[in-house]
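Novice: this one's structure only:
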């Protein structure tokens, strides 16, 4: 049962999930795709915006992924 604040990641207790290895593989693949470096122009634009806001590129990219909008 998922509760508030659960991000849908793989469960920590492997005994409760018979498909643990499959879910773990899917989760790792999704994380890898989410953090894939975008095209050069997009990365440079995001980097410039992050520097203007005073945060790192990684923090800025995380905000885009979490909120779905650019700051």
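Specialist: Looks like it came in fine. Given the structure is predicted, the values throughout are model-derived calculations rather than measurements. Residues are numbered from 1 along each chain as shown.
Novice: and the helix-or-strand element of the chain with minimal mean pLDDT, how far out from the chain middle?
Specialist: One helix or strand of the chain scores below all others by mean pLDDT, DSSP states H and E: helix 20-34, with a mean of 84. Taking CA atoms, centre = their mean, to the nearest Å, the mean C-alpha location of helix 20-34 is offset from the chain mean by 11 Å.
Novice: same check, this time on stretch 24-39
Specialist: Counting by CA atoms, centre = their mean, stretch 24-39 is centred 7 Å from the centre of its parent chain.
Novice: repeat for stretch 32-41
Specialist: 11 Å.
Novice: how long is it end to end?
Specialist: 20 Å (CA to CA, to the nearest Å).
Novice: now swap in stretch 6-22 and tell me
Specialist: So stretch 6-22: terminal residues 19 Å apart, CA to CA.
Novice: helices along this protein, start to end?
Specialist: Secondary structure of the chain (DSSP state H): helices at 20-34, 40-53, 57-67.
Novice: determine the set of other helices and strands touching the first one.
Specialist: Here helix 20-34 touches no other helix or strand, going by 3 or more CB pairs under 8 Å, 6 or more residues apart in numbering; DSSP states H and E. (C-beta placed from N, C-alpha, C; glycine too.)
Novice: and if you look at the second one?
Specialist: Using 3+ CB pairs under 8 Å, 6+ apart as the contact criterion, the neighbours of helix 40-53 among helices and strands are helix 57-67.
Novice: residue 34 touches residue 62, doesn't it?
Specialist: No: under the criterion of CB atoms under 8 Å, residue 34 is not in contact with residue 62, lying 9.4 Å apart.
Novice: more crowded one of those two?
Specialist: residue 62 (14 against 10; other CB atoms under 10 Å).
Novice: so what's the residue count around the residue nearest to residue 50 when sequence neighbours are not counted?
Specialist: Nearest residue to residue 50 in three dimensions, chain neighbours excluded: residue 60, at 3.7 Å (CB to CB, 6 or more residues apart in numbering). The burial count assigned to residue 60 is 19, neighbours taken as other CB under 10 Å.
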